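1. Next come a sequence and a model predicted from it.
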Amino acid sequence: KGLNTLAKQAGLKYFGSATDSPGFRERAGYEAVYPQYDQIMWKSGEFHMTTPTNGMKWVFTEPERGVFNFTEGEIVASLAKQNGFMLRCHALVWHSQLPDWVTATNWTAAELRQIIVNHITHVVGHWKGQCYAWDVVNEALNEDGTYRDSIFYQVLGEEYIKLAFETASKIDPHAKLYYNDYNLEYPGPKVTGAQNIVKMLKTAGIRIDGVGLQSHLVAESHPTLDQHIDAIRSFSSLGVEVALTELDVRLTLPANATNLAEQNDAYKNIVGACVQVRGCIGVTIWDFYDPFSWVPATFPGQGAPLLWFENFTTHPAYHGVAEALTNK
Ligand code: G3I
């Protein structure tokens with residue numbers, strides 16, 4: 001039936017896959033597979049939501065101060081529109097993939113505030129009305145729940161988070177505003193840190209609508225269904241929605257029956273938890289085709305984290321996901 005159809009029947013809003021614009025796909029030399037890739041991505045009915053993996057990030061959208069360029073982000077945004085997909089927009093304020101001009105100067109607080117406001121105003125303004133959600137602040141936390149020592153935190157402290165959400169809210173009142181991070185899929189100090197961000201914003205009267213659990217998991221050491229349920233509930237009980245925003249489950253290569261079975265369990269647990277907790281509204285995998293995953297470049301020796309192998313057959317985990325979407 002396709003994962004999106006199953007997801008809808010299970011009460012979710014969508015099942016999606018992130019994708020990159022052709023020039024940026026993770027491995028050169030794969031041009032020959034694009035027709036088949038694009039067919040599955042856009043035409044198969046498996047997905048009904050996408051996120052550009054790179055094109056809306058600061059390094060592409062404001063490469064020089066005050067000079068905006070929406071070309072890369074527009075590639076995926078316009079494909080989404082043509083194909084009637086929902087769009088998650090990613091990511092406004094993040095310590096990574098920043099252009100040098102942002103990090104190379106000792107900004108005063110007033111200057112950095114102006115830079116953040118200007119960036120969000122232009123980027124959110126450009127895609128106004130097209131984004132189901134924006135990842136407004138991405139990865140602001142350390143594993144122990146304290147704030148990451150980014151340029152934004154160094155200069156402004158936690159005020160930058162408030163400023164980012166306040167600005168995004170003004171510019172696009174209809175986009176859902178998310179805090180997005182990894183390792184929020186099971187209880188622990190980082191989840192507490194993210195809950196505190198939600199509370200801080202709500203206390204200040206600033207809109208936050210959701211928490212994105214990136215869900216970059218590891219096949220051989222994955223959380224249980226109950227851990228996922230606890231983590232998701234801990235956010236939805238604060239009155240925000242939850243989405244799995246960048247799901248993938250890497251394994252130690254080569255893929256074999258054992259690690260693919262572990263991967264299947266991992267996918268089944270997390271998608272199953274999302275289905276079981278009201279308030280978890282959708283699932284996006286971080287691309288669907290193994291050769292285009294970010295994993296091998298970042299974790300040498302690991303890979304095959306998605307649902308389609310290099311030869312376009314599906315992983316066992318595809319069926320685990322389908323099962324999780326069926327057993328409501
Ligand atoms: O900008 C250059 C471009 O000029 C050049 O043509 C191209 C050719 O290889 O490389 C481009 O930069 C790469 C960029 O992706 C765009 O393709 C970077 O080297 C590469 O490091 C970058 O990786 C991205 C990564 O974020 C950066 O941190 C991955 O594609 C993307 O999947 C990954 O996504 C992140 C989420 O945004 C946040 N959560 C974690 C997730 C995985 O790291």
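-> Right, received. Where do you want to start?
2. mind listing the strands for this protein?
-> Listed in chain order, the strands of the chain (DSSP state E) span 14-17, 49-50, 86-93, 133-138, 176-181, 210-213, 216-218, 241-252, 280-285, 302-303.
3. near the ligand at all, the second one?
-> No. Using C-beta under 6 Å from any ligand atom, we find that strand 49-50 stays clear of the ligand, coming within 13.0 Å at best. (Each C-beta comes from the backbone N, C-alpha and C, glycine too.)
4. What are the buried residues along stretch 63-73?
-> Under the neighbour-count criterion of 16 or more other C-beta atoms under 10 Å, stretch 63-73 has 70, 72, 73 buried.
5. so what pLDDT did residue 328 get?
-> As predicted, residue 328 sits at a pLDDT of 57.
6. Output the longest helix belonging to this structure.
-> As assigned by DSSP state H, the longest helix anywhere in the chain is helix 257-276.
7. Please compute how far that helix lies from its chain's middle.
-> 18 Å (C-alpha atoms, centre = their mean, to the nearest Å).
8. Could you name the helices and strands sitting against that helix?
-> With contacts defined as 3 or more C-beta pairs under 8 Å, 6 or more residues apart in numbering; DSSP states H and E, helix 257-276 has these neighbours: strand 216-218, helix 225-236, strand 241-252, strand 280-285, helix 316-326.
9. Pull out the buried positions in the second one.
-> Judged by neighbour count using 16+ other C-beta under 10 Å, the buried positions of helix 225-236 are 225, 227, 228, 229, 230, 231, 232, 233, 234, 235, 236.
10. if I look at the third one, how far off is the ligand?
-> Remark: distance between residue 228 and the ligand (C-beta to the nearest ligand atom, to the nearest Å) = 18 Å.
11. What of the fifth one?
-> Residue 230 sits 22 Å away from the ligand when distances are taken as C-beta to the nearest ligand atom.
12. pretty sure that residue contacts residue 186?
-> Yes. At 7.5 Å, residue 230 and residue 186 qualify as touching, with contact defined as C-beta atoms under 8 Å.
13. Would you mind listing what in this structure touches the ligand?
-> Neighbours of the ligand within the chain, by C-beta under 6 Å from any ligand atom: 24, 26, 53, 54, 96, 97, 138, 214, 246, 294.
14. What is the burial count for the first one?
-> Put plainly, it is residue 24. Residue 24 has 16 neighbouring residues, counting by other C-beta atoms under 10 Å.
15. ok, now the second one?
-> Counted by other C-beta under 10 Å, the residues lying close to residue 26 total 18.
16. for it, what are its contacts?
-> Residues counted as contacts of residue 26 (C-beta atoms under 8 Å, 6 or more residues apart in numbering) are 20, 291, 292, 293, 294, 297.
17. Can you tell me how far the first one is from residue 38?
-> Counting by C-beta to C-beta, to the nearest Å, the gap from residue 20 to residue 38 is 12 Å.
18. ok, and what's touching stretch 116-127?
-> Here stretch 116-127 has contacts from 56, 58, 61-62, 66, 68, 70, 73, 77, 87, 89, 92-93, 131, 134, 136, 152, 160, 163-164, 167-168, 171-172, 175, using C-beta under 8 Å, 6+ apart.
19. now do 10 Å
-> Here stretch 116-127 makes contact (C-beta atoms under 10 Å, 6 or more residues apart in numbering) with 56-58, 60-62, 65-68, 70, 73-74, 77, 87, 89, 92-93, 102, 131, 134, 136, 152, 155-156, 159-160, 163-172, 175, 177.
20. filter the residues you listed to the buried ones?
-> Using 16+ other C-beta under 10 Å, the buried members of the contacts of stretch 116-127 are 56-58, 60-62, 70, 73-74, 77, 87, 89, 92-93, 102, 131, 134, 136, 152, 155-156, 159-160, 163-169, 171-172, 175, 177.
21. picking that back up, nearest to residue 203, of the strands of the chain?
-> Nearest to residue 203, of all the strands of the chain, is strand 176-181, at 14.6 Å by C-beta to C-beta.
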